[in-house]
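S.K.: Here is my input, please return the structure:
(one chain, ligands or ions: 2)
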Amino acid sequence: MRGLFFVGDREIEIRDLPDPTPGPGEVVIAMKSSGLCGSDLRLYQLPKTERGSYYRGRGWDEALKTPKVGGHEPCGVIAEVGPNVTQVAVGDRVMMHHYIGCRKCAMCRIGYAQMCLVGCEIYGATQHGGHEDLMIAPADTCVALPEELSFEEGAACACGTGTAFHAIKRLSVSGIDTVAIFGQGPVGLSGTMFAVAMGARVIAVDVLPERLELARKLGADIVVDASADDPVKAIRGLTDGEGVDASLDATGIPQARINAVDSAKLWGRVCFVGEGNPTTFDVSAQIIHKQLTIHGSWTFSTSGLAEAARFVVERGVPLTELITHRYRLEDAVNAYQLFETGRTGKVVFTWD
Ligand SMILES: [Zn+2]
Ligand SMILES: [Zn+2]
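M.R.: Numbering: from 1, shown residues only. Ligands and ions are numbered 1, 2, ... in the order given. The predicted structure follows:
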């Protein structure tokens, strides 16, 4: 079987690997779709001299000594089960919660293995990820894919779209809210779709025309081109000078985070999901005196993944429209080159 490796400086290698054999409690998943996500891009872009540095010094140094297959949005069919597997059976369609924790600590027990108190493994970084034909994983990290969803929709839910769902949920968005969403990449666009599905009036902000067009197609009421207009001024103009009830930053860019805070109205709510980059705020003027509630939201729990997928099914969220580009694993170079331009919706690898 084949697996994709990021070797640094935007180089990708597809290497032959032995077919995996499941041990006790493990399964082998025949991959059907594997999504490209912003965090994969970070590993793709790292200089060769810094390979692995994004995760270095955080308890993973040993795991990083051997390169790992990329991708952390795996979705496929159980092809083989090892001894003592009871949660899933051969033929089951599954998404993956892409972390492995100790299973015993307080965070693991509520399904947040990424916050494991003794350290976790992450598919596509410290363990082989989804950009391979056959993936081995503990059975308890598999989450049933609703039969109404395609494998590529499942892959989207497995990180970017699921992350957006839980960020929007954290903001308690409802039909009485106007919501501004900064960044219309796969996470921000998913946030737009979910906020629309929850009844909000949605203002989508980005700088790329392709993304703004997609945001409009996915239901945004208004789009703001932050390369042409000051988005905070534009949002105030659209909200009778008050600002929005809730805002989400899905960019991780300091100025966009500041804009998300500054475009929230008095008593407003703000959520950050875009990662990286230290950002400076005047806490008194920008946060305290506006009585803001600020949330950070990091992906989701195992059951949270199932919840996001069920919401997509039950509310008819147009997730399939988010997926704009499909590639075979052998075309990975083209897939990542295009994904890096940002001029896409969701990009996925597909198998059949
Ligand atoms: Zn744990
Ligand atoms: Zn991700």
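
S.K.: can you pull out the helices in the stretch 101-250 of the chain?
M.R.: Remark: helices assigned in the stretch 101-250 of the chain by DSSP state H, counting those that start in this stretch are 106-109, 151-156, 162-170, 186-197, 209-217, 231-238.

S.K.: got the ones you listed as a markdown table, with mean pLDDT and mean neighbour count columns?
M.R.: Using the backbone N, CA and C atoms, a C-beta is placed for each residue, glycine as well. Output for those, formatted as a markdown table (pLDDT from 0 to 100; neighbours: other Cβ atoms under 10 Å):
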| stretch | mean pLDDT | mean neighbour count |
| --- | --- | --- |
| helix 106-109 | 98 | 16 |
| helix 151-156 | 98 | 28 |
| helix 162-170 | 98 | 25 |
| helix 186-197 | 98 | 28 |
| helix 209-217 | 98 | 19 |
| helix 231-238 | 98 | 19 |
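
S.K.: how about Ser172, what does it touch?
M.R.: Contact partners of Ser172, counting by Cβ atoms under 8 Å, 6 or more residues apart in numbering, are 246, 269.

S.K.: hang on, the earlier thing: any chance of TSV for the helices of the stretch 101-250 of the chain, columns distance to ligand 2?
M.R.: As requested, the helices of the stretch 101-250 of the chain are arranged in TSV below (distance: least, Cβ to the ion, whole Å):
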stretch	distance to ligand 2
helix 106-109	19
helix 151-156	10
helix 162-170	7
helix 186-197	8
helix 209-217	18
helix 231-238	25
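
S.K.: burial count for the residue in the stretch 151-300 of the chain positioned nearest to ligand 2?
M.R.: Proximity of the stretch 151-300 of the chain to ligand 2 (Cβ to the ion) peaks at Cys159, 3.3 Å away. By other Cβ atoms under 10 Å, 31 other residues sit near Cys159.

S.K.: Likewise for Glu314?
M.R.: By the measure other Cβ under 10 Å, the count of residues near Glu314 is 11.

S.K.: sorry, back to before: can you put the helices of the stretch 101-250 of the chain in TSV and add distance to Ser33?
M.R.: Supplementary listing: those in TSV, determined by distance: least, Cβ to Cβ, whole Å:
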stretch	distance to Ser33
helix 106-109	27
helix 151-156	4
helix 162-170	14
helix 186-197	14
helix 209-217	19
helix 231-238	34
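
S.K.: Mind checking those for the one nearest to Asp177?
M.R.: Each of those has some distance to Asp177 by Cβ to Cβ; the shortest is helix 186-197, at 7.8 Å.

S.K.: tell me which parts of the chain are close to ligand 2?
M.R.: For the chain, the contact set with ligand 2 under Cβ under 5 Å from the ion comprises 37, 39, 159.

S.K.: one step back: for Thr344, which of the helices of the stretch 101-250 of the chain is the nearest?
M.R.: Scanning the helices of the stretch 101-250 of the chain with Cβ to Cβ as the criterion, the closest one proves to be helix 209-217, at 7.2 Å.

S.K.: Quick check: which helices or strands does that closest one pack against?
M.R.: In terms of contact count using 3 or more Cβ pairs under 8 Å, 6 or more residues apart in numbering; DSSP states H and E, helix 209-217 is assigned the packing partners helix 186-197, strand 201-206, strand 222-225.
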